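A.B. asks: when you get a sec, could you give me coordinates for this:
(one chain, ligands or ions: 1)
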Amino acid sequence: ILLNHMGNEEDEYIKEQVQVNNPNLDTMEEDILYHFSLSTKTHNLPEMFGDIKFVCVGGSANRMKAFAQFIHQELKLPGNPGDVKDICEGTDRYCMYKVGPVLSISHGMGVPSISIMLHELIKLLHHAQCRDVVLFRLGTSGGVGLAPGTVVITEKAVDYSFRPQFEQVVLGKVITRNTELDEGVANELLQCSSELQTFPTVIGNTMCTHDFYEGQGRLDGALCSFSQEEKLEYLRKAYEAGVRNIEMESTVFAAMCRVCGLKGIIFLTKQTLYDGKTF
Ligand code: R2B
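C.D. replies: Presented below is the predicted three-dimensional model:
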């Protein structure tokens, strides 16, 4: 999909400029992207990042380095894929690699961690005057009622009550944001996957939780206040609501992409078996 869309100015995705929604940014002499160890004063962001079209984010630093090396090979870029350099080496919060028009960044685990990264990424793309950017979240998740190895492309990111929304507390008040993702790109990815036939792929809803253990109905945490039957009942309801996998970042990812005019896609592999037998 990256190769298909590179350099195609007529492409229907290629319309939007990355939007920030904060008037304060215009009056700031310097914007420090603290957790990337970058700043508008010390770095020429348009020169460094102005050609970015695809941003791929995932939880683990090692995985996102390996992904950058893979993309380097796929795009047949000059130089050695092993030499990709961490742009954020001044901090160990996140790692970032640029390979041609693709940025590969780690975001850690959970909504707070990815949310900090997304604020700084969106400001970075804005300061760098990037246009037509598509943002992908790649990663792992627990599947619900799927065969092991199935890839889920997210249709809607939903909360613990299966609602397509993300609640952010701002100055003590809850703000609710929509979490539906770009349908066109999701369908295109599904089409690519069915042509490749390398792994089973489905489109479904992804449930985002704020915890890996109790929040996901797991029986193997340090705390567990529910029975196996109660857990299965919850997962059954989730399945009926269209949930096909569970992870910990999708709602804020989808909400921030929508607000800032970015096409957001989430595709995740299923690792854990939520079948009531495994966990
Ligand atoms: C998937 O895997 C991590 C938990 O093990 C978390 O970041 C997620 O969403």
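A.B. asks: touching, Lys41 and Glu30? I think so.
C.D. replies: Yes - when contacts are counted by C-beta atoms under 8 Å, Lys41 is listed as touching Glu30 (4.4 Å). In short, each C-beta sits where N, CA and C put it, glycine included.
A.B. asks: shared neighbours, those two?
C.D. replies: Taking C-beta atoms under 8 Å, 6 or more residues apart in numbering as the contact criterion, no residue touches both Lys41 and Glu30.
A.B. asks: and Glu233, backbone torsions?
C.D. replies: Backbone geometry at Glu233, expressed as degrees, to the nearest 10, gives phi -60, psi -40.
A.B. asks: and it, how many residues sit next to it?
C.D. replies: Look at Glu233: counted by other C-beta atoms under 10 Å, it has 13 neighbours.
A.B. asks: again with the one 10 residues further on
C.D. replies: Applying other C-beta under 10 Å, we find 22 residues neighbouring Val243.
A.B. asks: just Leu196 next, same as before
C.D. replies: Residue neighbour count, defined by other C-beta under 10 Å, stands at 9 for Leu196.
A.B. asks: quick check: next helix or strand after the helix or strand bottoming out on mean pLDDT in the chain?
C.D. replies: Comparing helices and strands within the chain by mean pLDDT, DSSP states H and E singles out helix 2-5 as the least confident, with a mean of 56. Next in sequence after helix 2-5, counting helices and strands by DSSP states H and E, comes helix 24-27.
A.B. asks: my read: Phe54 touches Ser104, true?
C.D. replies: No - assessed by C-beta under 8 Å, Phe54 is found out of contact with Ser104, at 9.3 Å.
A.B. asks: which stretches of the stretch 151-279 of the chain have low pLDDT?
C.D. replies: Within the stretch 151-279 of the chain, the ranges that satisfy pLDDT under 70 run 270-279.
A.B. asks: interface residues of it facing the ligand?
C.D. replies: Proximity of the stretch 151-279 of the chain to the ligand is confined to 212, 247-249 under the rule C-beta under 6 Å from any ligand atom.
A.B. asks: which one of Phe54 and Ser104 has more residues nearby?
C.D. replies: Between Phe54 and Ser104, counting by other C-beta under 10 Å, Ser104 is the more crowded of the two (27 against 22).
A.B. asks: and the more buried one, that one's in a strand?
C.D. replies: Yes - if the criterion is DSSP: H, G, I helix; E, B strand; the rest coil, then Ser104 is within a strand.
A.B. asks: any idea how far it is from Glu89?
C.D. replies: 14 Å (C-beta to C-beta, to the nearest Å).
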